[in-house]
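Undergrad: generate a structure from the sequence data that follows.
(2 chains)
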Number of protein chains: 2
Amino acid sequence: MKKIINAPSQIVEEMLAGLATSYSDVIHQVEGTRVLAKNDDHPQVGLVSGGGSGHEPAHAGFVGDGMLSAAVLGDVFTSPTPDQILSGIQAAEQGKGVLLIVKNYTGDILNFEMAKDMADMEDIQTEIVVVDDDIAVENSTYTAGKRGVAGTVLVHKILGDAARSGKSLAELKELGEALVVTIKTIGVALKAATVPEVGKPGFDLADDEVEYGVGIHGEPGYRREKLQPSKALAKELLDKLLADYPQPPKQIGVLINGMGGTPLMELFVFANDVNALLKERNITVTFHKVGNYMTSIDMQGLSLTVIDFTETDHTTALHAPVTTIAW
Amino acid sequence: MKKIINAPSQIVEEMLAGLATSYSDVIHQVEGTRVLAKNDDHPQVGLVSGGGSGHEPAHAGFVGDGMLSAAVLGDVFTSPTPDQILSGIQAAEQGKGVLLIVKNYTGDILNFEMAKDMADMEDIQTEIVVVDDDIAVENSTYTAGKRGVAGTVLVHKILGDAARSGKSLAELKELGEALVVTIKTIGVALKAATVPEVGKPGFDLADDEVEYGVGIHGEPGYRREKLQPSKALAKELLDKLLADYPQPPKQIGVLINGMGGTPLMELFVFANDVNALLKERNITVTFHKVGNYMTSIDMQGLSLTVIDFTETDHTTALHAPVTTIAW
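TA: Residues are numbered from 1 along each chain as shown, chains lettered A, B, ... in the order given. Okay, here's the model as predicted:
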């Protein structure tokens, strides 16, 4: 394992300090916690997300005016503890309640729900929105139901914009639940991530092999085959996503997300193939985003996310300016 | 070689189309060229940069209001041709002249100078600013003098802000030349990049070895040794940079740049170590940026850039909002 680190056990603390000291104009570490909270205190419903580390820039990179109020960092690929999440809720609370945006993993659900109960006891109103956008498989390792992956970042952005505009906790919860069903993601891996404490890749793929549907913690996907050209990968992933909607979407947003070890060059070649396919199919795309947003440490691969705007167009919210590190 | 591409020979065209179709709200491809130009036509001196592809998001990711007017894309690790650069100049010209920001490589200098001559014949006034921020070695492969690397992005940003504010071509040339000497960069590589047309890594490093001072095309550095902890890497690179200034800087900006295959987790651990060292030395840091800005395809490694604000403080220009894809 070749990594620029000091000790594997210190990575999260050091990364957190690196984030806080590099971007002190936007965020700060809540003393004695693993919470990064935004500096501005515009009065609004708080938005808190978080989860295991290793998905950088998620979630700390999305803390700032117009997106998250605070992010809670767990150990690598491990849910943050309920007391850490509670610290995030306390940091985000401004008397209007706090919405928790949680990726659907058993550990995260359990700990965020416990934190919600603890917040209730402190008379902080909270609600939870669970994101389960990964359509690759049901009931994966660590997960009952579908996994929550890169589409979560779109939920941060759209709810962040709505919270900034003054929506109530109940309105945000309703918006969040309507939103989640319109967002679908699927990934492909060329090479597994190496968790620093483990020291070797989480799974093996042959030199000419890819795996479709791999999760952001290296959970198994749905098929392995020989590496195909980008055009074929784009068709495989896009067809799967579009077929999963009850009605074929007419207007969409697209997020192409690198897994951490894939250069932008490849993401843009793939984006070109996706855009060509969507044009062929007469699907209008009013929002595009291409880059590293929800990674899996140094995994090589990418995910494709579609958000259906046919019912409700969230383009303006997605384009609204924010002050985060990574949006 | 495992890459999400179609054919190696098509990468630049496809990547360019992927950029243009994904971010048509910000940039457009100048028809029949390898130029990506910004959509807004705020009247100002044009700023054009470019170079070989493989350094994404540089340079196309920095085209937009407040940074570059246009970027010219060469083949992977190959200078764009003079006629392509001329197309970039023509796209950027609004009657006030065009400044060319060029990284110091023999091929780039030659071709940008030829394009300048061609522009003269069309009565477009141009000036060139050469960036040579890499202090690792003198007279490297492809280079007479020092190489131009990640610090170029800071030049784009500061000159972009000045151009937007109405500075003349002569003023921008003067500002650019004063700026270049204040910016110093040095890199470290853990694993070489794989150029798609070549199909294998550009050089070999043992499993436990790093090379200091590697260039962004895999040019040799100044020392190989066993991989050190992040703290030791930070000290090696920072000491080298600070010692290269005639007077020790009191106030600086810092850019920590991933080489394309290094996860953000590692960049932030390294940032923490750099920030701690700077604090120890009582050097004030008023600008930080951590991420992938000037990559070397999928190279694992990073570079550290320091910009000295002791004489002239460019913090405000660096923080000014822009509409680019990647700043």
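Undergrad: from here on, just use CA atoms for contacts and neighbour counts.
TA: Fine.
Undergrad: could you chop chain A up by domain?
TA: Split into domains by automatic domain parsing, chain A comes to A:9-180, A:183-319.
Undergrad: flag every buried residue along stretch A:168-177.
TA: Applying a neighbour-count criterion of 16 or more other CA atoms under 10 Å in any protein chain shown, one finds A:168-169, A:172-173, A:175-176 buried in stretch A:168-177.
Undergrad: on that earlier part again, make JSON lines out of the domains of chain A and add distance to residue B:233 and mean pLDDT.
TA: Output for those, formatted as JSON lines (distance: least, CA to CA, whole Å; pLDDT from 0 to 100):
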{"stretch": "domain A:9-180", "distance to residue B:233": "15", "mean pLDDT": "97"}
{"stretch": "domain A:183-319", "distance to residue B:233": "18", "mean pLDDT": "97"}
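Undergrad: which one of those lies nearest to residue B:314?
TA: Residue B:314 sits nearest to domain A:9-180 of all those, at 16.0 Å, using CA to CA.
Undergrad: that closest one near chain B at all?
TA: Yes: using CA under 8 Å from any CA of the partner chain, domain A:9-180 reaches chain B at A:11, A:14-19, A:21-23, A:54, A:56-57.
Undergrad: count of neighbours near the closest residue to residue A:156 other than its chain neighbours?
TA: Closest residue to residue A:156 apart from its sequence neighbours, by CA to CA, 6 or more residues apart in numbering or on different chains: residue A:67 at 5.8 Å. The number of residues packed near residue A:67 is 30, by other CA atoms under 10 Å in any protein chain shown.
Undergrad: please apply the same query to residue A:75.
TA: Look at residue A:75: counted by other CA under 10 Å, it has 18 neighbours.
Undergrad: repeat that for the one 3 residues further on.
TA: When counting by other CA under 10 Å, one arrives at 16 neighbours for residue A:78.
Undergrad: now it: which helix or strand?
TA: Element membership for residue A:78, per DSSP states H and E: none, as it lies in no helix or strand.
Undergrad: any idea which helix or strand carries the residue lying closest to it once chain neighbours are set aside?
TA: Distances taken as CA to CA, 6+ apart put residue A:52 closest to residue A:78, at 4.3 Å, once the chain neighbours are dropped. Per DSSP H and E: residue A:52 is located in strand A:46-53.
Undergrad: which of the buried residues of stretch A:168-177 sits closest to residue B:76?
TA: Checking these against residue B:76 with CA to CA, the nearest one is residue A:176 at 42.9 Å.
Undergrad: surely that closest one and residue A:129 touch.
TA: Yes: counting by CA atoms under 8 Å, residue A:176 does reach residue A:129; the two are 6.1 Å apart.
Undergrad: related to what we said a few turns ago, among the buried residues of stretch A:168-177, name the ones in helices.
TA: Within the buried residues of stretch A:168-177, residues falling in helices by DSSP state H are A:169, A:172-173, A:175-176.
Undergrad: let's have those residues in TSV, adding distance to residue A:63.
TA: Formatted as TSV, these follow (distance: CA to CA, whole Å):
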residue	distance to residue A:63
A:169	18
A:172	17
A:173	19
A:175	20
A:176	18
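Undergrad: out of those, which comes closest to chain B?
TA: Using CA to the nearest CA, residue A:176 comes nearest to chain B of these, at 25.7 Å.
Undergrad: residue contacts, that closest one?
TA: Shown in contact with residue A:176 (CA atoms under 8 Å, 6 or more residues apart in numbering or on different chains): A:129, A:155, A:159.
Undergrad: and these as CSV, adding secondary structure and neighbour count?
TA: Shown next, in CSV, are the contacts of residue A:176 (DSSP: H, G, I helix; E, B strand; the rest coil; neighbours: other CA atoms under 10 Å in any protein chain shown):
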residue, secondary structure, neighbour count
A:129, strand, 21
A:155, helix, 23
A:159, helix, 27
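Undergrad: closest to residue A:326 out of the residues you listed?
TA: Nearest to residue A:326, judged by CA to CA, of the contacts of residue A:176 is residue A:155 at 14.8 Å.
Undergrad: could you pull up the residues touching that closest one?
TA: By CA under 8 Å, 6+ apart, the residues touching residue A:155 are A:101, A:176, A:179-180.
Undergrad: please indicate which of the residues you listed has the highest neighbour count?
TA: Among the contacts of residue A:155, residue A:101 has the most neighbours (other CA under 10 Å), with 26 neighbours.
Undergrad: excluding chain neighbours, what is closest to the residue of the stretch 201-327 of chain A found nearest chain B?
TA: When scored by CA to the nearest CA, the stretch 201-327 of chain A has residue A:272 as its residue closest to chain B, at 3.8 Å. Nearest non-adjacent residue to residue A:272, counting by CA to CA, 6+ apart: residue B:18, 3.8 Å away.
Undergrad: quick check: the one you found is in a strand.
TA: No: counting by DSSP: H, G, I helix; E, B strand; the rest coil, residue B:18 falls outside a strand, being helix.
Undergrad: how many neighbours does it have?
TA: 25.
Undergrad: quick one: residues contacting it.
TA: Applying CA under 8 Å, 6+ apart to residue B:18 gives the contacts A:268-273, A:275.
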